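> Build me a structure from this.
(chains A, B and C)
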Amino acid sequence: MFEQIFANVRQKSPLIHNITNYVTVNDCANMLLACGGSPIMADDPDDAVEITAICGGLNINMGTLNQRTIPAMMAAGKRACELGHPVVLDPVGAGASKLRTRTAFQLLEAIKFTVVRGNISEIKTLAAGSGTTRGVDADVADQVTEENLDQAVAFAKEYAKRSGAVIAITGAVDIVADSCRAFCIRNGHPMMSAVTGTGCQLSALTAAFVAANPETPLEAVAAAVCAMGLCGEIAYRRLGEMDGNSSYRNYIIDAMYRLTPAELEKGARYEVR
Amino acid sequence: MFEQIFANVRQKSPLIHNITNYVTVNDCANMLLACGGSPIMADDPDDAVEITAICGGLNINMGTLNQRTIPAMMAAGKRACELGHPVVLDPVGAGASKLRTRTAFQLLEAIKFTVVRGNISEIKTLAAGSGTTRGVDADVADQVTEENLDQAVAFAKEYAKRSGAVIAITGAVDIVADSCRAFCIRNGHPMMSAVTGTGCQLSALTAAFVAANPETPLEAVAAAVCAMGLCGEIAYRRLGEMDGNSSYRNYIIDAMYRLTPAELEKGARYEVR
Amino acid sequence: MFEQIFANVRQKSPLIHNITNYVTVNDCANMLLACGGSPIMADDPDDAVEITAICGGLNINMGTLNQRTIPAMMAAGKRACELGHPVVLDPVGAGASKLRTRTAFQLLEAIKFTVVRGNISEIKTLAAGSGTTRGVDADVADQVTEENLDQAVAFAKEYAKRSGAVIAITGAVDIVADSCRAFCIRNGHPMMSAVTGTGCQLSALTAAFVAANPETPLEAVAAAVCAMGLCGEIAYRRLGEMDGNSSYRNYIIDAMYRLTPAELEKGARYEVR
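Okay, here's the model as predicted:
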């Protein structure tokens, strides 16, 4: 299944509009190119609405939101909805400040998101206002482990039901859920958290996967999460004795560029609950 | 000829003011350092006019233009003209949205550009309002091939005449033209389009080459285009079996850092029509 | 001593709020992760004050300052002071434009900085209005050499006394001074100036080192400067015959990721004057 999904991305080459942070934007663009998609960035309100109309999907990332980009997110998100484009929300730092939390809620109210992808603290904040986000990382107390996986799955399904979006919670174990089914994904490597923006890259990737597979959003998101994790594994095995997080960053993107649909099918490690 | 032009860049180390997008700005800075130039970025209207005055050239890139940076582009461009500095325009996405198209026209009206560098769709938009820009990439229908090269050359010369700028249209074959002569350049590698911002880097590079060679802008732009393409070829040959577009990005900049004027002279592949 | 200081960074993993330029922000984030810290970026005035409150230190970098980020710097800096957080100023381009010079003075008046780190031209501008900044690089006439080192040390101590901050002047020889003592540091490699943002990365690193070692700010800054320079040396030795400034950029961050506290202790080359 993931083989076909990834093949669709490579074949359709979806153009993805990103309103994203300036910290990791270059990596998001190169990751989109690596997977076979095409990136465009536009975050002025006057520009974003028109640009989103020529794209196949929209990725909204709150990483460095500001008074100029928030209206752009809002307007482009509404326009993308009208056009039936998939829209991904990456609520970076929701729970860490009032502006971030409030903006996430406003976006969720105005826009029908296809996917919401974040760490467990961010998603808990969105679902209940109860997450404790440590900056842009998940709080240790919140983390998904094998012990609390069933609870986390139930939580994700419930929030998916309420929000109408596919919910992707990434961490040591990743959960990708709609209201009925959840993929529990065990790809990835802990060292990915030593590279800034692997989450942001995943959100951009997710937008490309969903745009190329509009009929199967749940599976498309799960495939994107597996692909990102698998690239983290491949890149980790490639590390030489002098390589650190900066080379690792490059190797992850390189791995996506080289990854074939068949390799994704074979390397994806997940169960459906 | 290109040997001397590149030697001038390395020897004069021009300081280039860039008002550019936040997607590829880091690569533009490292590319400028790689060629022997020096980068500075300033995009607040209050800052840009003064900063441009201490520089040797200005590179205006519309990639993520916004309501704050557009006045900065305008004011810095006018100041650079007054001072006789070369100014390069990279009209990213002209034709893809009204804001981008309108801004490009306003800049062209207010500022005497030394060079306009874009893909064929963007340049067609500027010349006639008839290009069909697919996001930030050229439309397939627009692409320059061996079959339509003569027409494209005539088009470039005509627009160069009208605009007074050297016109650089980059694609499978690159065209660098003034009103009388056109360099048709066959350096480069298709994989360069899998790296975000190779066009942006080339525009920054072009500003450095023109700033260091004010008497021969046409040849300076052609040399920059050949140098960028040649680095794409050198970097491609360097790719290992696990390398993808992210390592390729680094290798292109590395190649520029290592490139000698003599190697450029030898590796440049062009004809003048 | 540096061994314990660096071990504290790795062990405490300070969360650092960066209001910094969009040119080098990704490298700053990866450098913070490489040293064991954690980065967050927020530059909207509404967001920055709250974000800084959940962090352990604040790094203000003027590289691409603008009318939106200047109030954010001011407000976050004041809040960080109230909370007793260390605050680092990197006055990029002070002396190169009125906006930059004026902003630096306003920040210095309103905020009690723990550290001010810049090149000699920038620091001279802050101290006396007499530096001649060539864009974002130090003017040649200003450079610290073995010949004028005693004078530069006296200057740094005097300005440290007046400002109440630890002063870090980086160049061929680095000086880190409070009012009484100065570390003269001879780590580093000239090729570091061919990578954009090594200074910005050092400022971010400095914030992490000071946040993890609040009792010994002078030594913490000196340790950060030695660590950065040592990584520049390690990365330089790693360069292959095709590597240039882009790979060097990656190798410097990689080296920080791999560096142990014991290696820093052993590799630091300094004298106290």
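
> Only C-alpha atoms from now on, for both contacts and neighbour counts.
Will do.

> Quick one: end-to-end distance for stretch A:84-91.
End-to-end distance of stretch A:84-91: 21 Å, with C-alpha to C-alpha, to the nearest Å as the criterion.

> With chain B in mind, check whether that stretch reaches it.
No. Judged by C-alpha under 8 Å from any C-alpha of the partner chain, stretch A:84-91 stays clear of chain B, getting no closer than 15.8 Å.

> Could you list the residues in contact with that stretch?
Here stretch A:84-91 makes contact (C-alpha atoms under 8 Å, 6 or more residues apart in numbering or on different chains) with A:56-63, A:77, A:80-81, A:100, A:104, A:112-118, A:122, A:200, A:203, A:206-207, A:210-211, A:214.

> Name the residues of chain A found near chain B, please.
A:15, A:22, A:25-26, A:29-30, A:33-34, A:40-44, A:46-47, A:50-51, A:54-55, A:250-251, A:253-258.

> one more time with 7 Å, if that's ok
A:22, A:25-26, A:29-30, A:33-34, A:40-44, A:46-47, A:50-51, A:250, A:253-255, A:257-258 (C-alpha under 7 Å from any C-alpha of the partner chain).

> Please go through those residues and note which also touch chain C.
Restricting the residues of chain A next to chain B to those within reach of chain C (C-alpha under 7 Å from any C-alpha) leaves residue A:22.

> Backbone dihedrals for the closest residue to residue A:112 other than its chain neighbours, both of them.
Nearest non-adjacent residue to residue A:112, counting by C-alpha to C-alpha, 6 or more residues apart in numbering or on different chains: residue A:81, 6.6 Å away. In terms of degrees, to the nearest 10, the main-chain angles of residue A:81 are phi -60, psi -50.

> just the buried members of the contacts of stretch A:84-91?
A:56-63, A:77, A:80-81, A:100, A:104, A:112-118, A:122, A:200, A:203, A:206-207, A:210-211 (16 or more other C-alpha atoms under 10 Å in any protein chain shown).

> Take the residues you listed and keep only those in strands.
A:57-61, A:115-118 (DSSP state E).

> Nearest to chain C among the residues you listed?
residue A:61 (13.1 Å; C-alpha to the nearest C-alpha).

> Tell me, what's the model's pLDDT at the closest one?
pLDDT for residue A:61: 98.

> contacting residues for it?
Contacts for residue A:61 (C-alpha atoms under 7 Å, 6 or more residues apart in numbering or on different chains) come out as A:19-21, A:89-92.

> Could I get those in a markdown table, plus columns for secondary structure?
Output for the contacts of residue A:61, formatted as a markdown table (DSSP: H, G, I helix; E, B strand; the rest coil):
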| residue | secondary structure |
| --- | --- |
| A:19 | strand |
| A:20 | coil |
| A:21 | coil |
| A:89 | strand |
| A:90 | strand |
| A:91 | coil |
| A:92 | coil |
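
> Next, format the residues you listed as CSV and append pLDDT and neighbour count.
As requested, the contacts of residue A:61 are exported to CSV (pLDDT from 0 to 100; neighbours: other C-alpha atoms under 10 Å in any protein chain shown):
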residue, pLDDT, neighbour count
A:19, 98, 29
A:20, 98, 26
A:21, 98, 26
A:89, 98, 28
A:90, 98, 26
A:91, 98, 27
A:92, 97, 29
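
> Of these, just say which sits nearest to residue C:240.
Of all those, residue A:21 has the smallest distance to residue C:240: 33.5 Å, by C-alpha to C-alpha.

> Check which helices and strands the host helix or strand of residue A:246 sits against.
Here residue A:246, judged by DSSP states H and E, is contained in helix A:245-258. For helix A:245-258, the helices and strands in contact under the criterion 3 or more C-alpha pairs under 7 Å, 6 or more residues apart in numbering or on different chains; DSSP states H and E are helix A:25-35, helix A:217-238, helix B:245-258, helix C:245-258.

> OK, now which residue of the stretch 101-250 of chain A is nearest to chain C?
residue A:244 (3.9 Å).

> can you count the residues close to the nearest residue to that residue once chain neighbours are set aside?
Nearest residue to residue A:244, sequence neighbours excluded (C-alpha to C-alpha, 6+ apart): residue C:254, at 3.9 Å. Per other C-alpha atoms under 10 Å in any protein chain shown, the neighbour tally for residue C:254 reads 25.

> Surely residue C:254 is in contact with residue A:248?
No. Assessed by C-alpha atoms under 7 Å, residue C:254 is found out of contact with residue A:248, at 8.7 Å.

> where do the strands sit along the stretch 51-200 of chain A?
A:57-61, A:87-90, A:115-118, A:166-169, A:174-177, A:182-185 (DSSP state E, counting those that start in this stretch).

> Format those as TSV; extra columns: distance to residue B:270.
TSV is the format used below for these (distance: least, C-alpha to C-alpha, whole Å):
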stretch	distance to residue B:270
strand A:57-61	39
strand A:87-90	45
strand A:115-118	48
strand A:166-169	51
strand A:174-177	52
strand A:182-185	52
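
> Which of those sits closest to residue B:238?
strand A:57-61 (33.7 Å).

> What is the distance between that closest one and the centre of its chain?
Between the centre of strand A:57-61 and the centre of its chain there are 9 Å (C-alpha atoms, centre = their mean, to the nearest Å).

> Please identify the pairing partners of it and their relative orientation?
Applying DSSP bridges, strand A:57-61 is found paired with strand A:15-19 (parallel), strand A:87-90 (parallel).

> For the longest one, output the C-alpha coordinates as PDB.
Output for strand A:15-19, consisting of C-alpha atoms alone and laid out as PDB, is shown next (Å, rounded to 0.1, in the frame of the first residue of the first chain):
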ATOM      1  CA  LEU A  15       3.400  21.600  -5.700                       C
ATOM      2  CA  ILE A  16       3.100  22.400  -2.000                       C
ATOM      3  CA  HIS A  17       2.600  25.900  -0.600                       C
ATOM      4  CA  ASN A  18       4.400  26.300   2.700                       C
ATOM      5  CA  ILE A  19       3.800  29.100   5.200                       C
END
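
> Return the angle between stretch directions for it and helix A:25-35.
For strand A:15-19 against helix A:25-35, the angle by axes from the mean of the first three to the mean of the last three C-alpha atoms, to 10 degrees is 160 degrees.

> what sits up against strand A:15-19?
Where contact means C-alpha under 7 Å, 6+ apart, the residues beyond strand A:15-19 that reach it are A:37-43, A:52, A:55-61, A:73, A:207-208.

> With respect to residue B:161, which of the strands of the stretch 51-200 of chain A lies nearest?
Per C-alpha to C-alpha, nearest to residue B:161 of these: strand A:57-61, 39.7 Å.

> As PDB, could you dump the C-alpha coordinates of that closest one?
Extracted in PDB, the C-alpha atoms of strand A:57-61 (Å, rounded to 0.1, in the frame of the first residue of the first chain):
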ATOM      1  CA  GLY A  57      -1.600  21.400  -0.900                       C
ATOM      2  CA  LEU A  58      -0.900  23.800   1.900                       C
ATOM      3  CA  ASN A  59       1.400  23.300   4.900                       C
ATOM      4  CA  ILE A  60       0.900  25.700   7.800                       C
ATOM      5  CA  ASN A  61       3.700  25.700  10.400                       C
END
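
> Next up, the contacts around the spatially most central residue of chain A.
Per C-alpha atoms, centre = their mean, the C-alpha nearest to the average position across chain A is that of residue A:203, at 2.2 Å. Counting by C-alpha under 7 Å, 6+ apart, residue A:203 touches A:59, A:88, A:90, A:117.

> Right, I'll call it a day here.
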